[in-house]
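Novice: predicted structure and sequence below. I'll ask about it afterward.
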Amino acid sequence: MCMRIILRANIHIRQSTNWKNGCTFLNMDANWDDLRVFLTLAREGTLSTAAKALGVSHPTVSRRVQALEHQIGARLFERLPDRFVPTSAGEELLADTEAMEKAALSIKRRSAGLSDTVSGVVRLSAGEAMAVLVARHLSWLRARLQQIEFEVVASHTLANLSRREADLMIREQVPELAGIVTRKLCHVAYAVYAGRRLELKRTEMPALVDLPWIGFDDDHGYMPGQRWIHEQIGRRPEMRVNNWLVLHDAVRSGAGLGVLPCYLADQDPRLQRVGGVLPEITTEQWLLVHRDLRALPRVRAVMDALVELFQRHRYLLEGRGNGSE
């Protein structure tokens, strides 16, 4: 049985004078779609960004906001040259609309849990390198969960679980977000790697300092291993990227040395590990799910399968071997 719930909220306000500007709103009847456009414009600030977020045209956003203002009988935005800023009336409406949005998202998440079948789509968000690991084992996951469709999103930015941008996330750190349930998957080891074609006479760190290094740019200096590189070579890497997979390819090409997660690099025959696992660099990987979705059968099934997958390959993740147990 498949159930789809469409939320349409109708607000009826009669003789309200609670707004900061003292205006009176009569017979307001606005559905949730109109209010969602208002809320998005208030957050984004411009018609173009709001239209992009909503997947509609600029004129549609403008028309819907003007219609809402006409219904209410008050301006909701100050039209500045480069931005839309909520008026005092807009600020009042914004607070109530945000509460409505929270309720709508909660209903959407909880309605998903009404299904009792292990089928449907599960969307998983993970960092670029970790998404590759999951992709390598999608055939194994599909063999266990044949009725589930997998969507793997590679990104090192957080997806919003409350808004269902993803059903599950794998992250190195646990964000301080309300309603999130976590489970630790594994420890991840890192090491220095070089392309096979790069001839190294010695592998001790003093002999490697003067070789070219590849790391992350300044905006991504928080990535594992970047502080270690700076401390060891005493300078910024000569080549800098913003993505683990680009870093992987650059090191593999022989352009220089780099720090990579062992699970990504150890199985690449075009890479050589330079020295052992770096004990100073280790991260944890956590599985994150919204508490309203953790009991959903298809989400629970994928969670259990991922836990088993990471357990089977913990030697690889910890830099202790190339295969599963």
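Specialist: Okay, I see it. Here the structure is a predicted model, which is why all the values come from computation and not from measurement.

Novice: verify the stated contact: Gln267 with Leu316.
Specialist: Yes - between Gln267 and Leu316 there is a contact under Cβ atoms under 8 Å: 7.4 Å. Where you see a C-beta, it was placed from the backbone N, CA and C, and this is true even at glycine.

Novice: quick one, which of these two is more surrounded?
Specialist: Leu316 (24 against 13; other Cβ atoms under 10 Å).

Novice: mind listing what's buried in whichever strand or helix holds that one?
Specialist: Using DSSP states H and E, Leu316 falls within helix 314-317. Residues of helix 314-317 classed as buried: Arg314, Leu316, Leu317 (neighbour count, 16 or more other Cβ atoms under 10 Å).

Novice: other SSEs contacting it?
Specialist: strand 180-195, helix 262-265 (3 or more Cβ pairs under 8 Å, 6 or more residues apart in numbering; DSSP states H and E).

Novice: 6 Å instead, please
Specialist: When contacts are defined as 3 or more Cβ pairs under 6 Å, 6 or more residues apart in numbering; DSSP states H and E, helix 314-317 sits against strand 180-195.

Novice: average pLDDT across the strand it packs on?
Specialist: Averaged across strand 180-195, pLDDT comes to 95.

Novice: all numbers from here: first residue = 26
Specialist: All right, first residue 26 from here; so that's strand 205-220.

Novice: sheet partners, orientation included, of that strand?
Specialist: strand 283-286 (antiparallel), strand 296-299 (antiparallel), strand 307-315 (antiparallel) (DSSP bridges).

Novice: could I get the full set of strands for the stretch 26-175 of the chain?
Specialist: 36-38, 53-55, 102-104, 109-111, 145-151, 173-179 (DSSP state E, counting those that start in this stretch).

Novice: closest one to Thr85 among those strands?
Specialist: strand 109-111 (14.8 Å; Cβ to Cβ).

Novice: okay if I get the strands paired with strand 205-220 as CSV plus mean pLDDT?
Specialist: Listed next are these as CSV, based on pLDDT from 0 to 100:
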stretch, mean pLDDT
strand 283-286, 98
strand 296-299, 96
strand 307-315, 93
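
Novice: pLDDT score for Arg227?
Specialist: 87.

Novice: Ala184 now?
Specialist: 75.

Novice: test my guess that it contacts Glu190.
Specialist: Yes - counting by Cβ atoms under 6 Å, Glu190 is a contact partner of Ala184 at 4.1 Å.

Novice: please name the nearest non-neighbouring residue to Gly240.
Specialist: Pro262 (3.6 Å; Cβ to Cβ, 6 or more residues apart in numbering).

Novice: ok, that neighbour to Tyr340 distance?
Specialist: Using Cβ to Cβ, to the nearest Å, Pro262 is found at 29 Å from Tyr340.

Novice: please parse the protein into its domains.
Specialist: 57-137, 145-207+318-338 (the TED database).

Novice: pick out the shakiest of those, pLDDT-wise.
Specialist: Among the domains of the chain, domain 57-137 scores lowest, with a mean of 83.

Novice: that domain: how far from the chain's middle?
Specialist: 24 Å (Cα atoms, centre = their mean, to the nearest Å).

Novice: what do you get for stretch 222-233?
Specialist: Worked out by Cα atoms, centre = their mean, stretch 222-233 lies 37 Å from the chain centre.

Novice: buried residues of that stretch, list them for me.
Specialist: Leu223, Leu233.

Novice: who's in contact with Leu60?
Specialist: Taking Cβ atoms under 6 Å, 6 or more residues apart in numbering, we find Leu60 in contact with Thr122.

Novice: between the buried residues of helix 339-342, which is closest to Ile258?
Specialist: So of those, ranked by how close each gets to Ile258 (Cβ to Cβ), first place is Leu342, at 26.5 Å.

Novice: tell me the contacts of the closest one?
Specialist: Applying Cβ under 6 Å, 6+ apart, the residues contacting Leu342 are Cys211, Val213, Tyr288.

Novice: let's see that with 7 Å instead.
Specialist: The contact partners of Leu342, taken as Cβ atoms under 7 Å, 6 or more residues apart in numbering, are Cys211, His212, Val213, Tyr288, Phe335.

Novice: now render those residues as a markdown table, adding neighbour count and distance to Trp311.
Specialist: Below are those laid out as a markdown table (neighbours: other Cβ atoms under 10 Å; distance: Cβ to Cβ, whole Å):
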| residue | neighbour count | distance to Trp311 |
| --- | --- | --- |
| Cys211 | 21 | 9 |
| His212 | 13 | 11 |
| Val213 | 25 | 11 |
| Tyr288 | 26 | 16 |
| Phe335 | 22 | 11 |
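
Novice: closest to Met328 out of the residues you listed?
Specialist: For the contacts of Leu342, the nearest to Met328 is Phe335 (11.0 Å; Cβ to Cβ).

Novice: can I take it that that closest one is in a helix?
Specialist: Yes - with DSSP: H, G, I helix; E, B strand; the rest coil as the criterion, Phe335 is assigned to a helix.

Novice: so it is in contact with Leu210, correct?
Specialist: Yes - with contact defined as Cβ atoms under 7 Å, Phe335 reaches Leu210; the gap is 4.4 Å.
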